[in-house]
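Engineer: Provided below are the primary sequence and the corresponding predicted coordinates.
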Number of protein chains: 2
Amino acid sequence: MADSISIVLLGTGNLASHLFQALQKALGVRVVQVYGRHRKGFAVFGNQVATTTDYKELLDADLYLIAVSDDAIQSVSQHFTGKRGLVAHTSGGVPMSALKTHRKGVFYPLQSFTAGRPLDFSGVPICLESERKADLALLEKVGQAISKLVYPISSEQRKSLHLAAVFANNFSNYLYSIAEKICWEHQLDFELLVPLIAETANKIRFLSPKEAQTGPARRQDTSTLKAHLELLGDPGDKAIYKRISQAIATTYGKKL
Amino acid sequence: MADSISIVLLGTGNLASHLFQALQKALGVRVVQVYGRHRKGFAVFGNQVATTTDYKELLDADLYLIAVSDDAIQSVSQHFTGKRGLVAHTSGGVPMSALKTHRKGVFYPLQSFTAGRPLDFSGVPICLESERKADLALLEKVGQAISKLVYPISSEQRKSLHLAAVFANNFSNYLYSIAEKICWEHQLDFELLVPLIAETANKIRFLSPKEAQTGPARRQDTSTLKAHLELLGDPGDKAIYKRISQAIATTYGKKL
């Protein structure tokens, strides 16, 4: 324990609780305190760790991990005057410079976390950034304690990675929800699409999505495209169908 | 063997070869012949089955499975005069009525098949349709021989299911390819996004995508939306980003 890296975790949300679970189980690191705005946020941590709602009570630690909403990061970062430890935020969308601290870093786990659903952190890519080499080494140790996938990524790169993640995660999920709605409207069980969705996601492990593209837009099947557009009731869904079909046609050198 | 269901498979493409592999291994069914337009198409079947390129040589069988491209189904279906067997196509996008045969049916495996990649058919939903009860029972026997998931689905429903599959599979894959392009452009390994994509697809097994929706559009984070649009170079990608973000904002009751 003497040589383990001490960590104070700031935040009580989804990411904070998942990070806490992973760090608690890991060797070489220990969470010594959790900070939250309200005591009720501490429920998910049980009695496993010291907690505080007062910045003045923050313990000294090697690392302060800020796992709060993006727009609160900067203001939270103003409470580390006199603290020697490294302060890192955990966001994909916020530059490191948002931190108003002496030593700064980023510890961004690239994954979608769901409340109450345990997640194996060992397969979650952790994207790291710091101003100083020694700080990066510290973040690497913490990253490697919970994951096999640890990458140094600049703020500039992380911005693009976050954008890519919006397409791959948020937008894909929205397409799933359109598919789900179409199923409901026609008395079809959405379960029918689960194996297809799983295979589509799995395929990218061995085939580039650029090469894996199929479907009516790719093969310029205008009669199917027309039939689908007639079938779609919601103007928003129709617009998305048109827009993506046009993009596919353009990408693969065909005009619709 | 005497009581097994005899099947002639028409087609030598991706779906035909996957179906063949699955049917070969199954009990209670046997593929007695494969029809193809050209002999070179038979290479994937090895010497495991009788083959022909001549409709006049089609054997008598209990079931003829047409696994050819959508626009060829109708013309292929005109070659069964004098045959007593049930003729079924395997397409999601074509109504049963496209078949110009006495007995007609549909045997639609709802999955994305990749050449050379073996697939466990037992988890592939098979959507069945026929005009007569006895024919449906035959298709059910064949379906159950290769899969645990067998559903009767009408032509009307199948049309909607196919549309839903375009969103869930083709369009999701296109979003993956945009994400991949963004990674390439910023010297990021696309591998970084693989765990996220897997988790997003996996999550729908226990959480409706409608409920699982997250991201800047859902939480009305206009500064991130603006930054992302500035970051996107390709006008097509930008248009898709805008369109889906607006749809998410509308769906979740917020205006961007």
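Structural biologist: On my side now, so go ahead.
Engineer: Based on its surroundings, how many neighbours for A:R84?
Structural biologist: The local packing of A:R84 (other C-beta atoms under 10 Å in any protein chain shown) involves 10 other residues. The C-beta positions use only the backbone N, C-alpha and C, and glycine is treated the same way.
Engineer: mind listing what the residue of the stretch 51-200 of chain A found nearest chain B touches?
Structural biologist: Nearest residue of the stretch 51-200 of chain A to chain B, counting by C-beta to the nearest C-beta: A:N170, 3.1 Å away. The contact partners of A:N170, by C-beta atoms under 8 Å, 6 or more residues apart in numbering or on different chains, come to B:Q213, B:T214, B:G215, B:P216, B:A217, B:R218, B:I248.
Engineer: Out of the residues you listed, the closest to chain A would be?
Structural biologist: B:G215 (3.1 Å).
Engineer: Okay, and the closest one sits in which element?
Structural biologist: Using DSSP states H and E, B:G215 maps to neither a helix nor a strand.
Engineer: picking that back up, how about the contacts of A:N170 in TSV, adding neighbour count and pLDDT?
Structural biologist: Shown next, in TSV, are the contacts of A:N170 (neighbours: other C-beta atoms under 10 Å in any protein chain shown; pLDDT from 0 to 100):
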residue	neighbour count	pLDDT
B:Q213	19	95
B:T214	17	92
B:G215	21	92
B:P216	24	93
B:A217	29	95
B:R218	17	94
B:I248	25	97
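Engineer: So A:S245, which state does it fall into?
Structural biologist: Here A:S245 is helix, with the state taken from DSSP: H, G, I helix; E, B strand; the rest coil.
Engineer: Kindly indicate whether the closest residue in space to it that isn't next to it in sequence is helix, strand or coil.
Structural biologist: Excluding its sequence neighbours, the residue lying closest to A:S245 (C-beta to C-beta, 6 or more residues apart in numbering or on different chains) is A:A217, at 3.9 Å. A:A217 falls in the coil class when you classify it by three-state DSSP.
Engineer: Contacts only, for A:A217.
Structural biologist: Taking C-beta under 8 Å, 6+ apart, we find A:A217 in contact with A:L225, A:I244, A:S245, A:Q246, A:I248, A:A249, A:L256, B:N170.
Engineer: between these, which is nearest A:L86?
Structural biologist: Nearest to A:L86 among the contacts of A:A217: A:I244, at 42.8 Å, using C-beta to C-beta.
Engineer: ok, back up a step: and the residue nearest to A:S245, how close does it get to A:S208?
Structural biologist: From A:A217 across to A:S208, the span is 18 Å (C-beta to C-beta, to the nearest Å).
Engineer: got it, and A:Y108?
Structural biologist: 25 Å.
Engineer: quick one: which of those two has more around it?
Structural biologist: A:Y108 (24 against 13).
Engineer: so which helix or strand takes in the more buried one?
Structural biologist: Using DSSP H and E, A:Y108 sits in strand A:104-109.
Engineer: can you list the contacts of A:A217 in JSON lines and add distance to A:T90?
Structural biologist: Below are these laid out as JSON lines (distance: C-beta to C-beta, whole Å):
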{"residue": "A:L225", "distance to A:T90": "42"}
{"residue": "A:I244", "distance to A:T90": "32"}
{"residue": "A:S245", "distance to A:T90": "37"}
{"residue": "A:Q246", "distance to A:T90": "37"}
{"residue": "A:I248", "distance to A:T90": "35"}
{"residue": "A:A249", "distance to A:T90": "39"}
{"residue": "A:L256", "distance to A:T90": "42"}
{"residue": "B:N170", "distance to A:T90": "34"}
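Engineer: Check pLDDT for the residues you listed and point me to the minimum.
Structural biologist: pLDDT across the contacts of A:A217 is lowest for A:L256, at 53.
Engineer: how many other residues sit next to A:A227?
Structural biologist: For A:A227, using other C-beta under 10 Å, the count is 15.
Engineer: Also A:F190?
Structural biologist: Per other C-beta under 10 Å, the neighbour tally for A:F190 reads 20.
Engineer: residues in contact with it?
Structural biologist: Contacts of A:F190 (C-beta under 8 Å, 6+ apart): A:A179, A:E180, A:C183, A:W184, B:I204, B:S208.
Engineer: 6 Å instead?
Structural biologist: Contacts for A:F190 were tallied using C-beta atoms under 6 Å, 6 or more residues apart in numbering or on different chains; they are A:E180, A:C183.
Engineer: I'd like the distance from it to B:L161, if you could.
Structural biologist: In terms of C-beta to C-beta, A:F190 sits 10 Å off from B:L161.
Engineer: cool, A:H102 as well?
Structural biologist: For A:H102, the distance to B:L161 - C-beta to C-beta - is 58 Å.
Engineer: the more surrounded of those two?
Structural biologist: Between A:H102 and B:L161, counting by other C-beta under 10 Å, B:L161 is the more crowded of the two (27 against 14).
Engineer: host element of that one?
Structural biologist: Secondary structure from DSSP H and E places B:L161 in helix B:155-165.
Engineer: And the helices in the stretch 1-150 of chain A?
Structural biologist: Applying DSSP state H, counting those that start in this stretch to the stretch 1-150 of chain A gives helices spanning A:14-25, A:73-76, A:133-146.
Engineer: and the last one, how far out from the chain's middle?
Structural biologist: What it means is helix A:133-146. The chain centre lies 19 Å from the centre of helix A:133-146; the measure is C-alpha atoms, centre = their mean, to the nearest Å.
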